[in-house]
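Participant: Okay, sequence plus prediction incoming.
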Amino acid sequence: MTAVTAVAQIAPRAFVVWFRDLHRWSVGSFVQTDWRWPDEAIKPLSVVLSRKTMDVDRASTHTGELRLVTLHFDGEMELRDANAGSKFKGRLFHADPDDVIYSKIDVRNGAIGIIPNDFGRVCVSSEYPVYTVNRSLAEAEYVKLVFRTAAFRRKINSMISGASGRKRVQPADLVEVQVPLPPLAVQRKIVAAWEAARKDAAATAEKIAQLERDIEARFLADLGLKAPALATLPKVFSVRWRDLLRWSVSYNALATTAIDITVGKYGATTLGDVAAVSYGIQKCPGNRPGLHPRPYLRVANVQRGELDLREIKYIDVADSEMDSLRLQAGDILFVEGNGSKMELGRCALWHGEIADCVHQNHILKVRADQSRLLPDYAMTWFNTDAGKDHFFRSAKTSSGLGSINSSELRSAPVPLPPLTVQRQIVERVAARRDEIAKLKAEAKARAEAAKADVEAMILGTKPVA
């Protein structure tokens, strides 16, 4: 089958519709997509998707069999906590491997996926319709790819109904959408092209992960330290009273697996000995942007080893307060709290990217004495597993949110080689980071090109090789 050119049509600014043809009171519902395949290849989804509604009988189903899944915007799934099913009070429905499920609310964002074979039978709520795929006419992976095209998502967005903020795509509307269903051999070629791109992305991701591990191993080796080995926490252990720093089983259990950084080449000190630690400004109704709007950093802006400055918000800070709150180049920013303990204390370096910028109180600012401690070196250390270990052990948990405070940050241990050694280490790390950044940029370009090619094949604008 030969595909020709396709065009996604957008409704004109002004048009007329007969009342008898008005199926939905929405201008957006007139968005149409011209699939450029032969007419016989265009069919409604109802031809290949059959709704499956198998109620879960809780009386005869063991609690451990109520396995719920989380469906992400990229179509990937993961099993939820083993107790999630028993805690869910509404109706549940069975879904089996190779079944297609989608989110009524988030399908327009790409939330559609196929139950993986290794998941076995799972359960979903009524917000996730379940379909079996007619394998004689369609590949489930191909259907998933169709759902994820920009053209299909534009069409889906025109079909949403319901109250603002909770708008849904109803199953009856979804299955009436016309899509290209070429022969199975053609579908498989399109899926194969997508899978090849995914394998390439996975290989690059593993290469980057290995480079990250190499960076950390070399960093620690330069300090005369070994990377902490993976270890199982002991079920029973003893601690001498003089060594008991906190009345916490988990803290002391984790301490048994931590590396001793005092045995390295250069000894160690605490962060509070070589840097000043301070909180930012607390957001409240009284400091909404007004006469003195200032850009400020939130937790979302501080990632591990880098800043995400794509979205910057503003807060009102008087001129008289700016001297104490203004960020300076070289400040290290630590995240105070996170739902994941592994993300506690993640930090990034401020290079003065935005003038007169401040930070919220959920970010701790560390200003190093640069005659003793280089900010780049300190940031790199605290983003290693060995450096993070202090925060992982010290974190306090409340309502599922782990947090550290300024005292715990000041007491964080840090190896302290001479400045010349710190500088050499930082330069080596920077060179490897540049290599990683190049790999990421190349991988992103390839992934975007592959996505565009696959979408063009589905639309009909690119021949299927």
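Facilitator: Happy to help now that I have it.
Participant: And the pLDDT at residue 94?
Facilitator: At residue 94, the pLDDT value in this model is 93.
Participant: same deal with residue 331?
Facilitator: Reported pLDDT for residue 331: 98.
Participant: Give me the neighbour count for it.
Facilitator: By other CB atoms under 10 Å, the residues close to residue 331 number 22. Every residue, glycine included, has its C-beta placed from N, CA and C.
Participant: That one is in contact with residue 370, isn't it?
Facilitator: No: taking contacts as CB atoms under 8 Å, residue 331 lies outside contact range of residue 370: 11.1 Å.
Participant: Now tell me what touches stretch 447-454 from outside.
Facilitator: If you take CB atoms under 8 Å, 6 or more residues apart in numbering as the criterion, stretch 447-454 is touched by 145, 190, 193-194, 196-197, 200-201, 462.
Participant: and which of the residues you listed is nearest residue 413?
Facilitator: Taking CB to CB as the measure, residue 413 lies nearest residue 201 of these, at 37.6 Å.
Participant: Closest to residue 68 out of the contacts of stretch 447-454?
Facilitator: residue 145 (25.1 Å).
Participant: check contacts around the residue minimising distance to the centre of the chain.
Facilitator: Nearest to the mean C-alpha position of the chain, by CA atoms, centre = their mean, lies residue 72 at 9.5 Å. Shown in contact with residue 72 (CB under 8 Å, 6+ apart): 78, 111, 113.
Participant: Now render those as JSON lines, adding distance to residue 303, neighbour count and secondary structure.
Facilitator: Shown next, in JSON lines, are those (distance: CB to CB, whole Å; neighbours: other CB atoms under 10 Å; DSSP: H, G, I helix; E, B strand; the rest coil):
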{"residue": "78", "distance to residue 303": "21", "neighbour count": "10", "secondary structure": "strand"}
{"residue": "111", "distance to residue 303": "24", "neighbour count": "22", "secondary structure": "coil"}
{"residue": "113", "distance to residue 303": "26", "neighbour count": "24", "secondary structure": "strand"}
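Participant: picking up where we left off before, can you flag the buried ones in the contacts of stretch 447-454?
Facilitator: 145, 190, 193-194, 197, 462 (16 or more other CB atoms under 10 Å).
Participant: circling back to that earlier point, the contacts of stretch 447-454: which two are farthest apart?
Facilitator: Longest span within the contacts of stretch 447-454, CB to CB: 201 and 462, 20.0 Å.
Participant: What sits closest to residue 173 if chain neighbours are left out?
Facilitator: residue 159 (5.0 Å; CB to CB, 6 or more residues apart in numbering).
Participant: which of the contacts of stretch 447-454 lies closest to residue 209?
Facilitator: The closest of the contacts of stretch 447-454 to residue 209 turns out to be residue 201 (CB to CB; 12.5 Å).
Participant: so what does the helix or strand hosting the closest one touch, helix or strand wise?
Facilitator: Following DSSP states H and E, one finds residue 201 within helix 184-222. Under the contact definition 3 or more CB pairs under 8 Å, 6 or more residues apart in numbering; DSSP states H and E, helix 184-222 sits against helix 140-147, helix 419-459.
Participant: Residue 410 and residue 269 touch, don't they?
Facilitator: No: judged on CB under 8 Å, residue 410 makes no contact with residue 269 at a distance of 11.0 Å.
Participant: residues making contact with stretch 412-430?
Facilitator: By CB under 8 Å, 6+ apart, stretch 412-430 touches 215, 218-219, 222-223, 225, 261-262, 264-271, 274, 345, 371-374, 376-378, 380-382, 387, 390-391.
Participant: now the closest residue to residue 150 other than its chain neighbours: how far from residue 57?
Facilitator: Excluding its sequence neighbours, the residue lying closest to residue 150 (CB to CB, 6+ apart) is residue 455, at 6.6 Å. Relative to residue 57, residue 455 is positioned 41 Å away (CB to CB, to the nearest Å).
Participant: next one: residue 336
Facilitator: With CB to CB as the criterion, residue 336 and residue 57 are 46 Å apart.
Participant: and the two? which has more neighbours close in?
Facilitator: Remark: of residue 336 and residue 57, residue 336 carries more neighbours, 23 against 9, as counted by other CB under 10 Å.
Participant: Run through the residues that contact that one.
Facilitator: 299, 361-364, 403-405.
Participant: quick one: average confidence on stretch 300-314?
Facilitator: On average, stretch 300-314 scores 94.
Participant: Kindly apply the preceding question to stretch 268-278 instead.
Facilitator: On average, stretch 268-278 scores 96.
Participant: same deal with stretch 127-137?
Facilitator: Here the average pLDDT along stretch 127-137 is 95.
Participant: Buried residues in that stretch, which are they?
Facilitator: 128-133.
Participant: The closest residue to residue 48 other than its chain neighbours in helix, strand or coil?
Facilitator: Distance criterion CB to CB, 6+ apart; nearest residue to residue 48, sequence neighbours excluded, is residue 138 at 4.0 Å. Assigned by DSSP: H, G, I helix; E, B strand; the rest coil, the conformation of residue 138 is coil.
Participant: Just give me the neighbour total for residue 138.
Facilitator: Residue 138: 22 neighbours (other CB under 10 Å).
Participant: where's it relative to residue 279, distance?
Facilitator: For residue 138, the distance to residue 279 - CB to CB - is 56 Å.
Participant: what's the domain layout of this protein?
Facilitator: 45-173, 230-416 (automatic domain parsing).
Participant: Contact partners for residue 302?
Facilitator: By CB under 8 Å, 6+ apart, the neighbours of residue 302 are 308, 333-335, 346-348, 363.
Participant: Quickly list what it is bridged to.
Facilitator: residue 307 (DSSP bridges).
Participant: how much space between it and residue 322?
Facilitator: Taking CB to CB as the measure, residue 302 falls 20 Å from residue 322.
Participant: Can you check my assumption that residue 33 lies in a strand?
Facilitator: Yes: the assignment for residue 33 is a strand, going by three-state DSSP.
Participant: what is it paired to in the beta sheet?
Facilitator: Following DSSP bridges, residue 33 is listed with bridge partners residue 8.
Participant: so where is this protein shaky, pLDDT-wise?
Facilitator: Within the chain, the segments meeting pLDDT under 70 span 1-15, 17, 19-32, 161-166, 228-239, 241-258, 338-342, 395-402.
Participant: my guess is residue 63 contacts residue 84, does it?
Facilitator: No: with contacts counted by CB under 8 Å, residue 63 stays clear of residue 84, the gap being 10.7 Å.
Participant: out of the two, which sits in the more crowded spot?
Facilitator: residue 84 (15 against 10).
Participant: Surely residue 96 and residue 116 touch.
Facilitator: No: contact criterion CB under 8 Å: residue 96 and residue 116 do not qualify, at 10.8 Å.
Participant: To residue 316, which of the helices and strands packed on helix 184-222 lies closest?
Facilitator: helix 419-459 (36.0 Å).
Participant: Let me know the angle separating that closest one from helix 140-147.
Facilitator: 100 degrees (axes from the mean of the first three to the mean of the last three CA atoms, to 10 degrees).
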